[in-house]
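*Asks:* Okay, structure incoming, though there's no sequence with it:
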């Protein structure tokens, strides 16, 4: 058997439920296996850690081929909310926590969470805008430093 | 099916050492598995988790997830990772005589 992975650094760059969840699942899964995990939130991925937004993340029904519905239907009012609510129910059944709880769980599990400095500057966020589980706001350079010696996963 | 010796007891295990017959489980065996997993001594906090896992399994036929353990009030996520370092869900299940948990959460 090849050597066990010791550390993963996961970049979450996309917003929306389908953008945010894969990275969260992989980070938590890493901690469950005793693997060190860093999460780096950049661009719209930061919705997952912005207090005002983290509880309102929806799944996109327009321009999302994975939804298997025509974009013109996805445009109808309430479609995104309906798809989101259906998805959330299914996830609850599978014991997948909502975004804020997941962030807390990964943090309590010893995962480290970072916000990308450039995105913070671009969207004019402040440290107070983020949930308390965020360790710090870091540059790309610092991210590479933290990720050194481990695997980097971009989502 | 493989077998494993813990002290005087022989138990049935799967390829990864998870017990396959809960009726063979004893607290002494649990302590021996814990040692193998790098936990020198099972403290009352460990036993609380083990007892809860077994109770849940007997009632629902399922090994509770980390999330469920956290919500149960038996332990917190943080404490669970401290008690069973390097893989709490798997290690706690193994020590409790359960099969390997299959969920991703």
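*Replies:* Now that the structure is in, tell me what you want to look at. Everything numeric in this text was worked out from a predicted model, so none of it was measured.
*Asks:* Run a quick neighbour tally on residue A:93.
*Replies:* Number of residues near residue A:93 (other Cβ atoms under 10 Å in any protein chain shown) recorded here: 8. Just so you know, the C-beta spots here come from the backbone N, C-alpha and C atoms, and that holds for glycine as well.
*Asks:* And it, how far from residue A:87?
*Replies:* Per Cβ to Cβ, to the nearest Å, residue A:93 is found 11 Å from residue A:87.
*Asks:* Kindly report the residues of chain A close to chain B.
*Replies:* Neighbours of chain B within chain A, by Cβ under 8 Å from any Cβ of the partner chain: A:25, A:28-29, A:31-34, A:94-97, A:101, A:104-105, A:108-110.
*Asks:* Among the residues you listed, name the buried ones.
*Replies:* Buried by 16 or more other Cβ atoms under 10 Å in any protein chain shown: A:25, A:28, A:29, A:31, A:32, A:34, A:96, A:97, A:104, A:105, A:108, A:109, out of the residues of chain A next to chain B.
*Asks:* correct me, but the second one touches residue A:105?
*Replies:* Yes. Here residue A:28 reaches residue A:105: they are 6.3 Å apart, a contact under Cβ atoms under 8 Å.
*Asks:* Tell me which residues touch residue 99, please.
*Replies:* As the question left the chain open, I've gone with chain A. For residue A:99, the contact set (Cβ atoms under 8 Å, 6 or more residues apart in numbering or on different chains) comprises A:17, A:20, A:21, A:24, A:48, A:54, A:55, A:57.
*Asks:* right idea, wrong chain: chain B
*Replies:* When contacts are counted by Cβ under 8 Å, 6+ apart, residue B:99 touches B:14, B:18, B:19, B:20, B:63, B:93.
*Asks:* Quick one: neighbours of residue 84, just the number.
*Replies:* Just so you know, I chose chain A. 18.
*Asks:* Switch to chain B, please.
*Replies:* 24.
*Asks:* Dihedrals phi and psi, the nearest residue to it once chain neighbours are set aside?
*Replies:* With Cβ to Cβ, 6 or more residues apart in numbering or on different chains as the criterion, residue B:84 has its nearest non-adjacent residue at 4.1 Å, and that residue is residue B:91. As for residue B:91, its main-chain torsions (degrees, to the nearest 10) stand at phi -70, psi -40.
*Asks:* so, in contact with chain A or not, the longest helix along chain B?
*Replies:* Counting by DSSP state H, the longest helix found in chain B is helix B:44-60. No. Remark: helix B:44-60 sits outside contact range of chain A, by Cβ under 8 Å from any Cβ, the gap being at least 12.2 Å.
*Asks:* now for the helix or strand just after that helix, which elements pack on it?
*Replies:* Downstream of helix B:44-60, the next assigned helix or strand under DSSP states H and E is helix B:66-72. With contacts taken as 3 or more Cβ pairs under 8 Å, 6 or more residues apart in numbering or on different chains; DSSP states H and E, helix B:66-72 sits against helix A:99-108, helix B:44-60, helix B:77-83, helix B:88-95.
*Asks:* Compare those helices and give me the one nearest residue B:29.
*Replies:* Closest of the helices and strands packed on helix B:66-72 to residue B:29 is helix B:88-95, at 9.0 Å (criterion: Cβ to Cβ).
*Asks:* near chain A, which residues of chain B show up?
*Replies:* So far as Cβ under 8 Å from any Cβ goes, chain B lies against chain A at B:65-68, B:70, B:76-78, B:81, B:85-90, B:103-105.
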